[in-house]
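# sequence unavailable; structure follows:
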Ligand SMILES: Cc1cc2nc3c(=O)[nH]c(=O)nc-3n(C[C@H](O)[C@H](O)[C@H](O)COP(=O)(O)OP(=O)(O)OC[C@H]3O[C@@H](n4cnc5c(N)ncnc54)[C@H](O)[C@@H]3O)c2cc1C
């Protein structure tokens, strides 16, 4: 094959945007639900119909079937990251164990959070079975692969850290190059860590099925209803206790007043008044190939449907789809000035080119295939990269998010926890270390933009330097980690 021909193919995609390939694959978007018909009151109002908002509604309705729960969604259920992600239902902890351990629960709290996140993978599978949701879920585990000596060293350090945090051989284990190749042939694969606690899913199928399950339970979802402002419950004059008024979610169709308003807006949060510097909308892009032919799959293997990521600083994440494609994602252009977001998932040509080259480098057998679809989305990153779940009865406000790219499973546990908090029920979830977790705000612009772009320039340079074969992590990456506060 002419290399130039190959390059050109990998710089373009047949489709770009349309929210994501996952929607096209499930046969397009479901019929739109109506907008909020006018001002109303509810027991609980949830802003955002992604996984966080929908899981909160699901468990709250289960706990208290009589509650009137209203979900307000700016676009449609699953429009955000929940309908665009890489489909890793992973038990990975969103954030740093050391940082969570500084909270009141200490080390035991972190061990508990790890344990509950592991159970979450099976909990999502359980609900899918119970609610008849076919999300192409296969629990094949997760492979973190090394393709350079420096990545390999990091894997070993990661394994040692995992053992220090109580993860045994049944939770994570090292695979040498031959054992890795027995599962999946990755060009230059030196070794991998394997964890069984991860499932491959089709995101749009999961979020659509969940939205329907929530509606069946009696929750009202209103689409094309952007919330313009969230107003806390005023305190009774002079007492500091909640007054008779309720919290409010304001929309162009009227306000919803409720005992609790729950914000589940993740990467879009910065657009709400007063929230500009709370969660940084980090951009992530994904490409998907056309279905590979049998000979390509014979070359690659990957019959176990593990999710696969590498250990680069600008890392990639991949899945084998139910219809025999490779979906591979990564950072692309990391951040848009002033917390901007994409237009319906259209990603930059540079991101398609970068991911195309990663795909071809790791899976040479896929070089023969077209890129069928490319898209992007935003995920919410807090300043310390650790997630928060919180609900305050006095203000009537709650929120969960800041999963920093690990929210597909974590949003299930976070939503379940929010439901407990809103219902006022103490459980094993409501004492987890991310409950009430607080962090600093992001720097104002243009520092925020310069910082994120500078950070990823350092990481790209570090990956480039490590590709030379050194077994040591590039000092550039360490500088980047220090700047970002990445654990
Ligand atoms: C490209 C990409 C790949 C990813 N891959 C993975 C992965 O493989 N595994 C993993 O664990 N995580 C992954 N993530 C992260 C994961 O998808 C998210 O953490 C998770 O989906 C967050 O769910 P959410 O409901 O909190 O947010 P979202 O799904 O973003 O939902 C927020 C919703 O709120 C709505 N909204 C926003 N503002 C308003 C408003 N003012 N009024 C009303 N509605 C509003 C939005 O329209 C949206 O529907 C990825 C993210 C992206 C973008």
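Received the coordinates, thanks. Because the structure is predicted, anything quoted here is derived from the model rather than measured.
# rest of the way, CA atoms for contacts and neighbours
Will do.
# what stretches of the stretch 101-250 of the chain score poorly on pLDDT?
Applying pLDDT under 70 to the stretch 101-250 of the chain flags residues 236-244.
# and it, which residues reach the ligand?
By the rule Cα under 6 Å from any ligand atom, the part of the stretch 101-250 of the chain lying against the ligand is 226-228.
# take the residues you listed and keep only those in strands.
Secondary-structure check on those using DSSP state E: residues within strands are 227-228.
# buried subset of the residues of the stretch 101-250 of the chain next to the ligand?
Buried positions within those, assessed by neighbour count (16 or more other Cα atoms under 10 Å), are 226-227.
# of the residues of the stretch 101-250 of the chain next to the ligand, closest to residue 75?
residue 226 (7.3 Å; Cα to Cα).
# quick check: phi and psi at that closest one.
The phi/psi pair for residue 226 (degrees, to the nearest 10) reads phi -70, psi 140.
# how about it: what's its closest non-neighbour residue?
residue 74 (3.8 Å; Cα to Cα, 6 or more residues apart in numbering).
# helix, strand, or coil at that neighbour?
Three states are possible here, and by DSSP: H, G, I helix; E, B strand; the rest coil the one that applies to residue 74 is coil.
# who touches residue 342 in this structure?
By Cα atoms under 8 Å, 6 or more residues apart in numbering, the contact set of residue 342 is 376-378.
# can you rerun that using 10 Å?
Listed by Cα atoms under 10 Å, 6 or more residues apart in numbering, the contact partners of residue 342 are 17, 19, 283, 335-336, 348, 375-378.
# just residue 213 next, same as before
The neighbours of residue 213, taking Cα under 10 Å, 6+ apart as the test, are 54, 58, 127-128, 130-133, 207, 219.
# list buried residues within those.
With burial judged by 16+ other Cα under 10 Å, the buried subset of these is 54, 58, 128, 133, 207, 219.
# do a quick rundown of the strands in the stretch 1-150 of the chain.
Per DSSP state E, counting those that start in this stretch, the stretch 1-150 of the chain has strands spanning 15-16, 40-47, 69-72, 88-90, 142-146. These are given in chain order.
# strands paired with the longest one, and their directions?
The reference is to strand 40-47. Take DSSP bridges as the rule and strand 40-47 pairs in its sheet with strand 69-72 (parallel), strand 254-263 (parallel).
# can you put the ones you listed in CSV and add distance to the ligand and mean pLDDT?
As requested, these are exported to CSV (distance: least, Cα to the nearest ligand atom, whole Å; pLDDT from 0 to 100):
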stretch, distance to the ligand, mean pLDDT
strand 69-72, 5, 98
strand 254-263, 8, 97
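# quick one: closest of these to residue 98.
The closest approach between residue 98 and any of these, judged by Cα to Cα, belongs to strand 254-263 at 26.9 Å.
# buried stuff in that closest one?
For strand 254-263, the buried set under the neighbour-count rule, 16+ other Cα under 10 Å, comprises 255-263.
# could you do stretch 423-443 as well?
Neighbour counts using 16+ other Cα under 10 Å place 423, 429-436, 442 of stretch 423-443 among the buried residues.
# contacts only, for residue 297.
184-185, 291, 303, 324-325, 365-366.
# can you do 8 Å?
Applying Cα under 8 Å, 6+ apart, one finds that residue 297 lies in contact with residue 365.
# what of residue 156?
Contacts for residue 156 (Cα under 8 Å, 6+ apart) come out as none.
# now the helices for the stretch 351-487 of the chain?
Residue ranges of the helices in the stretch 351-487 of the chain, as given by DSSP state H, counting those that start in this stretch, are 410-423, 447-466, 475-484.
# the last one - contacts with which helices or strands?
Packed against helix 475-484 by the contact rule (3 or more Cα pairs under 8 Å, 6 or more residues apart in numbering; DSSP states H and E) you find helix 447-466.
# how far away from the center of its chain is the helix it packs on?
Between the centre of helix 447-466 and the centre of its chain there are 21 Å (Cα atoms, centre = their mean, to the nearest Å).
# what are the buried residues along that helix?
Neighbour counts over helix 447-466 (16+ other Cα under 10 Å) mark 448-449, 451-453, 455-463, 465-466 as buried.
# residue 120 contacts residue 408, doesn't it?
No: Residue 120 lies out of contact with residue 408 (Cα atoms under 8 Å); the separation is 9.9 Å.
# quick one: which of these two has more around it?
It is residue 408, of residue 120 and residue 408, that has more neighbours when counted by other Cα atoms under 10 Å, with 27 against 23.
# is it true that that one touches residue 86?
No: taking contacts as Cα under 8 Å, residue 408 lies outside contact range of residue 86: 9.2 Å.
# can you list the residues that contact stretch 456-469?
The list of residues contacting stretch 456-469 from outside it, by Cα under 8 Å, 6+ apart, reads 148-150, 312-314, 334, 472-477, 479-480.
# go again using 7 Å as the cut-off
Residues from elsewhere that reach stretch 456-469 (Cα atoms under 7 Å, 6 or more residues apart in numbering): 148-150, 312-314, 473-474, 476-477, 480.
# and what of stretch 343-359?
Identification of contacts with stretch 343-359 by Cα under 7 Å, 6+ apart yields 10-12, 16-20, 285, 287, 329-330, 332-333, 374-377.
# which among those residues count as buried?
Neighbour-count burial (16+ other Cα under 10 Å) applied to the contacts of stretch 343-359 gives 10-12, 16-20, 285, 287, 329-330, 332-333, 374-377.
# so which of those residues reach the ligand?
Contacts with the ligand are made by 285, 376-377 out of the buried ones among the contacts of stretch 343-359, judged by Cα under 6 Å from any ligand atom.
# adding neighbour count, write the contacts of stretch 456-469 out as CSV.
CSV is the format used below for these (neighbours: other Cα atoms under 10 Å):
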residue, neighbour count
148, 24
149, 19
150, 22
312, 23
313, 21
314, 17
473, 20
474, 19
476, 18
477, 20
480, 21
